[in-house]
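Novice: with the input below, show me the fold.
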Amino acid sequence: MSMSSHRKSFAALLAAAVVLLGVSVAGAAEEVVVIPPPDIDETATSGTETAIFAGGCFWGVQGVFQHVKGVESAVSGYTGGEAKTAQYETVSTGSTGHAEAVEVRFDPKKISYGRLLQIFFSVAHNPTQLNFQGPDRGTQYRSALFVSNPQQRKVAERYINQLDKAHVFQQPIVTKVSDAAGFYPAEDYHQDFLTLNPTYPYIVYNDLPKIENLKSLFPADYRSEPVLVGKIKG
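Specialist: Purely as a prediction, here's the structure:
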């Protein structure tokens, strides 16, 4: 399996610490911020909507949204660059314009775009980190929202402004809002990575706490059985 140098190095160092020092990472703390819901939200009552979220490594972001009720699919992929450069090793150079992202299809009758934003900003990533998340560095790990319609843009921009004015984070939010232009699914081995690799050191330390935070802070929206890309394909 191919991984970027940052992710591979982190996993190797963490695994070595576990073996040599007996370090336990099962209860590793993940920063989480309790935030209010948006002042305004979508009013759609039918159909299926699509939204794209970029917040660092797509393994954890995908894992979080796969555990949210009302989400019909969450696919890891690349957006922001050209189709010809939408491959993991190329994107990992940080020179393609792509961000690692997750395309979420959801039922607005069951969960709103605003609620997905609240989960994204609270437990899925840290929106105050510019071009990095945790151990991963580069523009491909930037915080960004790629909106599918004017209403999503309105909700996203108003919510970011609302959170900044309320100073719910210690630093300003750096999340950029752009129109969705093209989304390219990532390689099969990246799909459902969190669920399929629950003991992988990077997942244990960086991403499993996000699932626990989702369960704790959003119990009404949490589902224990994730919706997986493999099941959709199957």
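Novice: name the spans of the chain whose pLDDT lies under the cut-off.
Specialist: Across the chain, the ranges flagged by pLDDT under 70 are 1-31, 43-45, 232-234.
Novice: quick one, strands of it?
Specialist: If you assign secondary structure with DSSP state E, the strands in the chain sit at 49-55, 71-79, 99-106, 132-133, 136-137, 143-147, 176-179, 183-185.
Novice: can you redo these as JSON lines with mean neighbour count and distance to residue 202?
Specialist: C-betas here are computed from N, CA, C, even on glycine. Listed next are the strands of the chain as JSON lines, based on neighbours: other CB atoms under 10 Å; distance: least, CB to CB, whole Å:
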{"stretch": "strand 49-55", "mean neighbour count": "24", "distance to residue 202": "15"}
{"stretch": "strand 71-79", "mean neighbour count": "23", "distance to residue 202": "14"}
{"stretch": "strand 99-106", "mean neighbour count": "25", "distance to residue 202": "14"}
{"stretch": "strand 132-133", "mean neighbour count": "20", "distance to residue 202": "12"}
{"stretch": "strand 136-137", "mean neighbour count": "18", "distance to residue 202": "9"}
{"stretch": "strand 143-147", "mean neighbour count": "23", "distance to residue 202": "19"}
{"stretch": "strand 176-179", "mean neighbour count": "14", "distance to residue 202": "25"}
{"stretch": "strand 183-185", "mean neighbour count": "17", "distance to residue 202": "21"}
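Novice: spit out the contact partners of the residue most central in space within the chain.
Specialist: In the chain, the residue lying closest to the centroid (CA atoms, centre = their mean) is residue 61, at 2.3 Å. Shown in contact with residue 61 (CB atoms under 8 Å, 6 or more residues apart in numbering): 53-55, 76, 101-102, 120, 124-125.
Novice: for residue 185, state which of the residues you listed is nearest.
Specialist: Comparing the contacts of residue 61 against residue 185 with CB to CB places residue 76 closest, at 7.2 Å.
Novice: hmm, back to that, and the strands of the chain as JSON lines, adding distance to residue 164?
Specialist: Below are the strands of the chain laid out as JSON lines (distance: least, CB to CB, whole Å):
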{"stretch": "strand 49-55", "distance to residue 164": "17"}
{"stretch": "strand 71-79", "distance to residue 164": "24"}
{"stretch": "strand 99-106", "distance to residue 164": "21"}
{"stretch": "strand 132-133", "distance to residue 164": "19"}
{"stretch": "strand 136-137", "distance to residue 164": "24"}
{"stretch": "strand 143-147", "distance to residue 164": "13"}
{"stretch": "strand 176-179", "distance to residue 164": "13"}
{"stretch": "strand 183-185", "distance to residue 164": "27"}
